[in-house]
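Enquirer: one predicted model, sequence on top.
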Amino acid sequence: MTQTNPPQVDVDQLRLAVGDIYRGVAEQPDAEYHFHTGQAALDHLGYPRSLTEPLPRSAADAFAGVAYVFEPGLPDTGQRVIDIGSGAGADALMAARAVGGDGAVIGVDMNEQMLARARAAADEARLDHLDFRQGLIEQLPVDDEWADVVISNGVLNLVPDKLTAYRELHRVTRPGGRLQISDICVEQEVPEEAKRDIDLWGA
């Protein structure tokens, strides 16, 4: 088996730093950040108002993504979806509405404050087939081959051991399922010194 080769960064310190950023978004979504948040971000990224207007404000206000993750298409009725790094739950809520009561959606996030927002939003929306779980991408709290669709919006760039992360995505996706991943990519090799700089990971 191929061994993973994550960057030489202190993973625990990185998770603390990333957690601090998104804890801030959860607790003060209207504060200034180096990325767009809330309804303004949803509009900027091209989310149709038909999808965002039904969202509970607790989810929409603390949205922080990098693209319209459903541009390739929404999940179908009855499908099972995992939202990796689900944050305040906006994308997971949209997916839950799309799959309906015959489907199921699991959102996974490591941040307790974001999970609290997401769970409150799911309760407000009365989406009983939507479940939010605390966990890491490298150790997803989901059964093997559970998902028809796995979505992720601006999260994989924050994971140092991407090989392990993608193995987990493969593990939880059924044969014939699909990944819909939105993230920011660079076309040049990132210097090792930069990879070790925790401040740059959240920049």
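Expert: On my side now, so go ahead.

Enquirer: which helices and strands sit right next to the host helix or strand of residue 81?
Expert: Counting by DSSP states H and E, the element that carries residue 81 is strand 80-84. If you count contacts as 3 or more Cβ pairs under 8 Å, 6 or more residues apart in numbering; DSSP states H and E, strand 80-84 packs onto helix 90-99, strand 104-109, strand 147-153. C-betas here are computed from N, CA, C, even on glycine.

Enquirer: ok, residues contacting it?
Expert: Strand 80-84 has contacts (Cβ atoms under 8 Å, 6 or more residues apart in numbering) with 75, 89, 91-92, 95-96, 99, 103-108, 137, 140, 142, 146-153, 155-156, 169, 172.

Enquirer: same deal with stretch 145-152?
Expert: Contacts of stretch 145-152 (Cβ under 8 Å, 6+ apart): 69-70, 75-76, 79-85, 91, 95, 106, 137, 169, 171-175, 177-183.

Enquirer: buried ones in that stretch?
Expert: Within stretch 145-152, the residues that count as buried by 16 or more other Cβ atoms under 10 Å are 146, 147, 148, 149, 150, 151, 152.

Enquirer: what is the burial count for the residue nearest to residue 61 when sequence neighbours are not counted?
Expert: For residue 61, ignoring the flanking residues on the chain, the nearest one in space by Cβ to Cβ, 6 or more residues apart in numbering is residue 29 at 4.5 Å. Residue 29 has 19 neighbours, counted by other Cβ atoms under 10 Å.

Enquirer: surely residue 29 meets residue 39?
Expert: No - with contact defined as Cβ atoms under 8 Å, residue 29 does not count as touching residue 39 (10.0 Å).
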